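[1] Provided below for reference: sequence and predicted model.
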Amino acid sequence: MIHIGLAGWGDHDSLYPAGIKSKDKLVHYSSHFPIVEVDSSFYAISPIKNVEKWVNETPEKFRFVVKAYQGMTRHRKGKETPFNTITDMFEAFKSSLKPYQEANKLALVLFQFPPWFNCRKENVAYLRYCKKMMEDIPVALEFRHQSWYNDAYRDRTLSFMKEEGWIHSVADEPQSGEGSVPLVPAPTDSHVTLVRMHGRNTQGWNKQEGVDWREVRFLYKYNEAELFEMKNVLHELSNQSNDIILIFNNNSGGDAATNAKEFQRMLGIEYTGLAPKQLGLF
């Protein structure tokens, strides 16, 4: 089964009626897609009351991909986080997942590591530590440094994921030096594989002087030929993994929702169990 969704639900104006309040967007979103990636959890661990709201206002079959907190993925270290110890940080994050788990709405947790997290012994050890701390919670692993997939380490990286129980997060992204990874359509879990569509904006991928990098990095609209290419990739993946979660993250120009709908039509998928469409009469 292929589950298509978007990164976040706040920045997709084409899905919502004019004037909609932010607090009401997830309800509308869940009438379009069966899954969403929670990105706010990367910047701060989600308060339980927020998670309970999200769980309660979405359909029974709706699922969440929750992005790991940035302190856990080495984007922030030590005193830069509000936690006294690494253990405290992991325990606080796991506590925030309980409403998802109790409602059977947690698809997986995504650990996306930064471009400077390269393939070396101490980082491999830290990945083992993360997996141990997350216990039996399903976790996906996404790299941003090319070294994990170079000729010397690609097969060993994938074998490591299988052995340690990591779900492979397959990234489609610009090829722009060490801070990007190639498309590696290789599942490491027979149950589920995550695919994240970041766009192919090569020029805007890396930070540039005088440019609002966050606004341009994911500024990209996939064309029909590129989506057809990814259709073949998904076909390959689905022969080796029962469920494929596909998240469009090309949000900067508002193209993620459009591409997701286009791709859904291309695959001929009709989802059941979505929230009722809002008529927008008032």
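    Arrived safely, thanks for sending.

[2] and residue 84, how far from residue 111?
    To residue 111, residue 84 is 22 Å away according to Cβ to Cβ, to the nearest Å. All C-beta atoms are positioned from the backbone trio N, CA, C, and that covers glycine.

[3] do the same with residue 156
    For residue 156 relative to residue 111 (Cβ to Cβ), the value is 18 Å.

[4] same question, residue 94
    For residue 94 relative to residue 111 (Cβ to Cβ), the value is 13 Å.

[5] so for those two, which residue has more residues nearby?
    Neighbours per residue, other Cβ atoms under 10 Å: of residue 94 and residue 111, the larger number sits with residue 111, 23 against 16.

[6] so that one: helix, strand or coil?
    Secondary structure state of residue 111, per DSSP: H, G, I helix; E, B strand; the rest coil, is strand.

[7] ok, the closest residue to it other than its chain neighbours - how many residues close by?
    Using Cβ to Cβ, 6 or more residues apart in numbering and skipping the chain neighbours, the partner closest in space to residue 111 is residue 68 (4.7 Å). Residues contacting residue 68 under the criterion other Cβ under 10 Å number 23.

[8] okay, residue 68: pLDDT?
    Note for residue 68: predicted pLDDT of 98.

[9] list the contacts for it?
    41, 42, 93, 109, 110, 111, 112, 139 (Cβ atoms under 8 Å, 6 or more residues apart in numbering).

[10] distance of it relative to residue 86?
    13 Å.

[11] can you pull out the low-pLDDT segments for this structure?
    Within the chain, the stretches with pLDDT under 70 are 77-79, 204-205, 207-215, 278-282.

[12] now do the strands in it.
    2-7, 35-38, 63-67, 106-112, 139-142, 167-172, 192-197, 243-248 (DSSP state E).

[13] got TSV for those, with distance to residue 119 too?
    Formatted as TSV, these follow (distance: least, Cβ to Cβ, whole Å):
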stretch	distance to residue 119
strand 2-7	25
strand 35-38	25
strand 63-67	22
strand 106-112	15
strand 139-142	12
strand 167-172	15
strand 192-197	20
strand 243-248	24
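
[14] which one of the ones you listed lies nearest to residue 121?
    strand 139-142 (17.0 Å; Cβ to Cβ).

[15] and that closest one, what does it pack against?
    strand 106-112, helix 121-134, strand 167-172, strand 192-197 (3 or more Cβ pairs under 8 Å, 6 or more residues apart in numbering; DSSP states H and E).

[16] can you redo these as CSV with distance to residue 222?
    Below are these laid out as CSV (distance: least, Cβ to Cβ, whole Å):
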stretch, distance to residue 222
strand 106-112, 20
helix 121-134, 30
strand 167-172, 9
strand 192-197, 7
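
[17] give me the nearest residue to residue 222, chain neighbours excluded.
    residue 259 (4.9 Å).

[18] measure that neighbour to residue 231 for me?
    Residue 259 is 12 Å from residue 231, by Cβ to Cβ.

[19] just residue 253 next, same as before
    22 Å.

[20] same question for residue 125.
    Counting by Cβ to Cβ - residue 125 and residue 231 are separated by 38 Å.

[21] these two: which is more packed in?
    When neighbours are counted by other Cβ under 10 Å, residue 125 and residue 231 differ, and residue 231 comes out ahead with 14 against 10.

[22] my guess is that one meets residue 265, correct?
    No: when contacts are counted by Cβ atoms under 8 Å, residue 231 is not listed as touching residue 265 (11.1 Å).

[23] okay, now residue 66: neighbour count?
    So residue 66, with other Cβ under 10 Å, has 25 neighbours.

[24] that one pairs with what?
    residue 38, residue 109 (DSSP bridges).

[25] if I pick it, what's in contact with it?
    Per Cβ under 8 Å, 6+ apart, neighbours of residue 66: 37, 38, 41, 46, 97, 100, 106, 108, 109, 110.

[26] farthest-separated two in these?
    46 and 108 (15.5 Å).

[27] from residue 3, how far out is the most centrally placed residue in the chain?
    With distances taken as Cα atoms, centre = their mean, the chain has residue 37 as the residue nearest its mean C-alpha position (5.3 Å). Noted for residue 37: a distance of 11 Å to residue 3, by Cβ to Cβ.

[28] cool, thanks, talk later.
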